[in-house]
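Novice: The sequence isn't on hand, but the structure is:
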């Protein structure tokens, strides 16, 4: 009976279903207005952009509550994941963070000012700078990473573990191909250069 009423109200009509998911509505509108325009990417790119915005905003809120920001946590996390003695060159930080030398320099300067890292010249190689996690930096990572990753795990609970694994694999393929096509393998925070 309910499905009969839905059909009579037009809820089973393709345009009615599209309206319930704005991405489908956008694609349907372009197909209607410009029948030859390729719209297959809309169903993938638009949700990725929206998810990136939502996830980025949520991560910033969680980190703000912890007294830090995404760039600082990224720097601290790269150092923490490197293992004892939690020290890397600025070049290695850039490579592992996939950011420019200038961005590394800014992050390190800010973290050093906040007492989260120390900087010292590298031994044997001129111009090499070593960055080391301080006890305060170590504490920041330890007190923050579970909050961030736990929150993000909650946000993807709508997908079963097998779906999460499948999506992760598909996103890896797509990301690597887009990076190759664009000749750009940098990954920055959403909305940053």
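Specialist: On my side now, so go ahead. Just so you know, these numbers come straight off a predicted model, no measurement behind them. Numbering: from 1, shown residues only.
Novice: Tell me the helices and strands packed up against the lengthiest helix in the chain.
Specialist: Identified as the longest helix of the chain according to DSSP state H is helix 42-65. Helix 42-65 sits against helix 22-33, helix 70-81, helix 135-155, with contacts defined as 3 or more CB pairs under 8 Å, 6 or more residues apart in numbering; DSSP states H and E. Any C-beta I mention is one placed from the backbone N, CA and C, and that applies to glycine too.
Novice: swap the cut-off to 6 Å and go again
Specialist: Judged by 3 or more CB pairs under 6 Å, 6 or more residues apart in numbering; DSSP states H and E, helix 42-65 is in contact with helix 22-33, helix 135-155.
Novice: Residue ranges of each domain in this protein, please.
Specialist: Annotated domains of the chain cover 13-49, 68-151, 156-193 [automatic domain parsing].
Novice: Residue 55 is nearest to which of those domains?
Specialist: domain 156-193 (8.0 Å; CB to CB).
Novice: gap between that closest one and the chain center?
Specialist: On the basis of CA atoms, centre = their mean, to the nearest Å, domain 156-193 sits 9 Å off its chain's mean C-alpha point.
Novice: On the pLDDT front, check residue 167 for me.
Specialist: pLDDT for residue 167: 97.
Novice: so the helix or strand harbouring it versus helix 42-65, what angle?
Specialist: Taking DSSP states H and E as the definition, one finds residue 167 inside helix 161-182. Orientation of helix 161-182 against helix 42-65 (axes from the mean of the first three to the mean of the last three CA atoms, to 10 degrees) gives an angle of 100 degrees.
Novice: separation between residue 88 and residue 168?
Specialist: According to CB to CB, to the nearest Å, residue 88 stands 26 Å off from residue 168.
Novice: Compare the two (neighbour count), which wins?
Specialist: Set residue 88 next to residue 168 and count neighbours by other CB atoms under 10 Å: residue 88 wins out with 24 against 11.
Novice: Which secondary structure state does the more buried one sit in?
Specialist: strand (DSSP: H, G, I helix; E, B strand; the rest coil).
Novice: State the distance from it to residue 64.
Specialist: According to CB to CB, residue 88 stands 26 Å off from residue 64.
Novice: Please apply the same query to residue 115.
Specialist: 19 Å.
Novice: Equivalent analysis for residue 37, please.
Specialist: Using CB to CB, residue 37 is found at 40 Å from residue 64.
Novice: got it, and residue 31?
Specialist: Residue 31 is 41 Å from residue 64, where distance means CB to CB.
Novice: repeat for residue 152
Specialist: In this view, residue 152 and residue 64 are 15 Å apart by CB to CB.
Novice: Check the burial of residue 170 by counting its neighbours.
Specialist: Other residues close to residue 170 by other CB under 10 Å number 11.
Novice: which one of the helices and strands packed on helix 42-65 has the lowest average pLDDT?
Specialist: helix 22-33 (a mean of 91).
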